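**Q** mind looking at a prediction? Sequence and model below.
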Protein chains: 2
Amino acid sequence: MEPRFYHDLRLGVLGGGQLGRMFLRAAIDFNVRIAVLDPNSAAPCRRFCSDFVQGDFKDADNVYDFGKRLDVVTIEIENVSAAGLYRLEEKGVSVYPQARIVELVQDKGLQKQFYHQRGFPTSAFQLVEDRSALAAATPALPAVQKLRRAGYDGRGVQVLADASALKHAFDAPSVLEAKVPIAKELSVITARNAQGAVESYPPVEMAFHPTANLVEHLFAPADIDEKVGRRAREIAEALITELDMVGLLAVELFLTETGELLINEIAPRTHNSGHHTIEANMTSQFEQHLRAVLNLPLGDTRMKSPAVMINILGAEGQRGVPYYKNLEAILAIPGAKLHLYGKAETRPMRKMGHITMLHQDLATARQKAREIQQQLAVEAVD
Amino acid sequence: MEPRFYHDLRLGVLGGGQLGRMFLRAAIDFNVRIAVLDPNSAAPCRRFCSDFVQGDFKDADNVYDFGKRLDVVTIEIENVSAAGLYRLEEKGVSVYPQARIVELVQDKGLQKQFYHQRGFPTSAFQLVEDRSALAAATPALPAVQKLRRAGYDGRGVQVLADASALKHAFDAPSVLEAKVPIAKELSVITARNAQGAVESYPPVEMAFHPTANLVEHLFAPADIDEKVGRRAREIAEALITELDMVGLLAVELFLTETGELLINEIAPRTHNSGHHTIEANMTSQFEQHLRAVLNLPLGDTRMKSPAVMINILGAEGQRGVPYYKNLEAILAIPGAKLHLYGKAETRPMRKMGHITMLHQDLATARQKAREIQQQLAVEAVD
């Protein structure tokens, strides 16, 4: 295998947000030149990439024009033009994850059908075209309705508790899922290179924000039975292999109260549930993604330390230039690792950064994370 | 204390080499804008800083013009214009390390006199003006002759074994040191912020290249008696406090065969003997330097894992575009962490990168490091 990455290999990333930024940070040590496409001229990646192209990653022409002179194109957000990716593949550019994976993941209905057809465990579901079709389907309630397209960070998902909720159902193509009694929400990040090598991280446990429906805390490793952990990794590894996918895949799983593991959804990219790997594991998810898309040997996924990850979210009612309240006090806590994303504006519940709290004892890390959460706030400078 | 770093604080670094590059990498997470001054338009920092200024950091006007609009100026190399730094201080720019520290460290004679006058342990020495003064001083031989100025990475240092060597002595102002029987060479990196808080890393042990006189391997932690380790940290902390210095200070020490600790030399900046801290410690030396110069709380210096650091040096006789031989095999070794510096040209013994080998058992890490060393080579592409 030709070791290409020390040459003038050109890698491009669609999306210039925090995931791209942490990817760039990891790629510095591998000395890879990276170009970034993002519509926002003040994107978090702007200052750290070799070449920043302002443009719309949802536009096929923009994606094609950006990628056509590159060797490898990858993503940090799945909401990109799959058509543009297909055209790049036809031109001979290595697109990882592949265009068909991105297309599959953009449609939660296709995702569910894939699990069902290939025998992967997932909750019972039906696809409905609109609100009236949903009502006509007389689903067992409570149920979860998910828009097939354009859901992100909890948007486009709602619980239909009883019949009275049906009139508020999304009036668009959606997946209607049985609401299963969940003991824990887990995530396994797995990676695969073009040679077919696969490596997974130990499963982590996600705690969601009570209203915003996005990850608020992450506990690594997950407090689960060893057998359950092994099974979760097996599911993730079988899935990435069945998908014949190259790159990093985050597999979110429900552990039900009866001990079943069900695939909730997947993201074929670096993921919020892997941020702790920067400090807590031998290889960060960002380096692992780079290794996977460059067809390098995959890195060691073992943990160096238990960790709790805390998302730094914009405070309610605050919008403007961010002010990180009590950040200095938090920097004084041994084992608290700061990551700011460099966003120019804070908005309610916007992901502005994260903190990874390392401690040999996970219970202590959880306690310190709670203290951090109580102190930290992202407000707008007046 | 005003938490400044989330505002438009402007930080400048004199020097754009690998130390600056790893510093920039650490600073991304603190969202600090960093400008870099370096004469080389292809400097390793070039692609990762907010603002790259091509210019000579040894020139007082260049340094002043670069720094005059910044809030804080720091260094990644001590061979910069101290006159320029003094002018910046007069203008009110925070210069860390301070101009007088840089000036002191640029002269090995002044350094030795400082240790002597302030009661810090160091080997016996005398200052000589030139070769004939050296001969006239009839030094006890063997002795070590060090040029007072412009020595770097082993250049400007030689052993005078016996009287016949005197005719090859450097004909310039130098320090003549007694050659002490050395059991180990240690390094302690310590940091101090403007409030006077001090934190040190556990001492490490350096193994030098047999001919090039630069660090080839580094073992962390040092295999020394706990009491010796405590004493080494105490010396480093007393020294940075006595210097009233702000920033990071690497203190290289001899542990003599009789168990004495003697200061060899110091560097008021991030240092080759601290590269392992990126993965092996809770806070990297680069983040610690940032915390110190921004007057933030200093980070936790505890180790997460034992480590061996291997410098990746340009092969003898090879000069040109670098090719990293067997790098993919090395990337497959669990716990081997790669850092390439992005230098455009390899030259004999040039520092092109480093690898940190992590293993819970330091002896195993040493063994794996030897294997890596045997495989890895930096050659020039023909």
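**A** Everything's here; your move. Numbering: from 1, shown residues only, chains lettered A, B, ... in the order given.

**Q** pairing partners for the helix or strand that contains A:Lys337, with directions?
**A** Element membership for A:Lys337, per DSSP states H and E: strand A:336-340. Strand pairing for strand A:336-340, using DSSP bridges, gives strand A:351-358 (antiparallel).

**Q** which of the residues in the strand it pairs with are buried?
**A** A:Lys351, A:Met352, A:Gly353, A:His354, A:Ile355, A:Thr356, A:Met357, A:Leu358 (16 or more other C-beta atoms under 10 Å in any protein chain shown). C-beta here means a position set from N, CA and C on the backbone, and glycine is covered the same way.

**Q** so the last one touches A:Ile333, yeah?
**A** No - A:Leu358 is not in contact with A:Ile333 according to C-beta atoms under 8 Å; the separation is 10.2 Å.

**Q** returning to that earlier point: for the buried residues of strand A:351-358, which one is nearest chain B?
**A** The shortest approach to chain B among the buried residues of strand A:351-358 belongs to A:Leu358, at 6.6 Å (C-beta to the nearest C-beta).

**Q** residues contacting that closest one?
**A** Contact analysis of A:Leu358 by C-beta atoms under 8 Å, 6 or more residues apart in numbering or on different chains lists A:Glu279, A:Ala280, A:Ser305, A:Pro306, A:Ala307, A:Gly335, A:Ala336, A:Lys337, A:Ala365, B:Met282, B:Lys304.

**Q** quick one: low-confidence parts of the stretch 201-350 of chain A?
**A** Scanning the stretch 201-350 of chain A with the threshold set as pLDDT under 70 gives A:213.

**Q** and the strands in it?
**A** For the stretch 201-350 of chain A, the strands defined by DSSP state E, counting those that start in this stretch cover A:204-208, A:215-220, A:247-256, A:261-267, A:307-313, A:322-325, A:336-340.

**Q** helices and strands around the fourth one, which ones?
**A** Counting contacts by 3 or more C-beta pairs under 8 Å, 6 or more residues apart in numbering or on different chains; DSSP states H and E, the secondary-structure elements packed against strand A:261-267 are helix A:108-118, helix A:226-242, strand A:247-256.

**Q** hmm, 6 Å instead?
**A** In terms of contacts (3 or more C-beta pairs under 6 Å, 6 or more residues apart in numbering or on different chains; DSSP states H and E), strand A:261-267 is packed against strand A:247-256.

**Q** now the strand it packs on against strand A:204-208, angle please.
**A** Using axes from the mean of the first three to the mean of the last three C-alpha atoms, to 10 degrees, one finds that strand A:247-256 and strand A:204-208 are set 70 degrees apart in direction.

**Q** can you list the strands that strand A:247-256 pairs with?
**A** strand A:182-192 (antiparallel), strand A:261-267 (antiparallel).

**Q** from those strands, which stretch is densest packed?
**A** strand A:182-192 (a mean of 23; mean count of other C-beta atoms under 10 Å in any protein chain shown).

**Q** model confidence over the helix or strand following that strand, on average?
**A** Scanning forward in sequence from strand A:182-192 by DSSP H and E, the next helix or strand is strand A:198-200. For strand A:198-200, the mean pLDDT works out to 98.

**Q** within range of chain B, give me the residues from the stretch 251-382 of chain A.
**A** A:282, A:296-297, A:300, A:304-305, A:324, A:327-328, A:331-332, A:334-335, A:338-340, A:342 (C-beta under 6 Å from any C-beta of the partner chain).

**Q** quick one: buried ones out of those residues?
**A** Here, 16+ other C-beta under 10 Å leaves A:282, A:296-297, A:300, A:304-305, A:324, A:327-328, A:331, A:335, A:338-340, A:342 buried among those.

**Q** my read: A:Pro297 touches B:Pro334, true?
**A** No - judged on C-beta atoms under 6 Å, A:Pro297 makes no contact with B:Pro334 at a distance of 9.9 Å.

**Q** would you point out which residue of the stretch 101-250 of chain A is nearest chain B?
**A** For the stretch 101-250 of chain A, C-beta to the nearest C-beta, closest residue to chain B: A:Ala197, 9.5 Å.

**Q** please name the residues that touch the nearest residue to that residue once chain neighbours are set aside.
**A** Spatial nearest neighbour of A:Ala197, excluding adjacent residues (C-beta to C-beta, 6 or more residues apart in numbering or on different chains): A:Leu298 at 5.4 Å. Contacts for A:Leu298 (C-beta atoms under 6 Å, 6 or more residues apart in numbering or on different chains) come out as A:Ala191, A:Ala197, A:Glu199, A:Arg291.

**Q** so the spatially closest residue to A:Gly55 that is not a sequence neighbour: helix, strand or coil?
**A** In space, and not counting its chain neighbours, A:Gly55 is closest to A:Asn62: 4.1 Å by C-beta to C-beta, 6+ apart. Following DSSP: H, G, I helix; E, B strand; the rest coil, the label given to A:Asn62 is helix.

**Q** give me the pLDDT for the residue of chain A positioned farthest from its centre.
**A** Here chain A reaches farthest from its C-alpha mean at A:Ala136, the gap being 34.0 Å by C-alpha atoms, centre = their mean. If you check A:Ala136, the pLDDT there is 89.

**Q** A:Ile28 now?
**A** pLDDT at A:Ile28 comes out at 93.

**Q** gap between it and chain B?
**A** In this view, A:Ile28 and chain B are 5 Å apart by C-beta to the nearest C-beta, to the nearest Å.

**Q** now, of the contacts of A:Leu298, which are buried?
**A** Buried among the contacts of A:Leu298 by 16+ other C-beta under 10 Å: A:Ala191, A:Glu199, A:Arg291.

**Q** one step back: out of the strands paired with strand A:247-256, flag the one nearest B:Ile266.
**A** Counting by C-beta to C-beta, B:Ile266 lies closest to strand A:182-192 out of the strands paired with strand A:247-256; the figure is 43.0 Å.

**Q** now what about the closest one, what contacts it?
**A** A:198-201, A:203-206, A:222, A:232-233, A:236-237, A:240, A:246, A:248-255, A:257, A:273-274, A:285, A:288, A:292, A:298.
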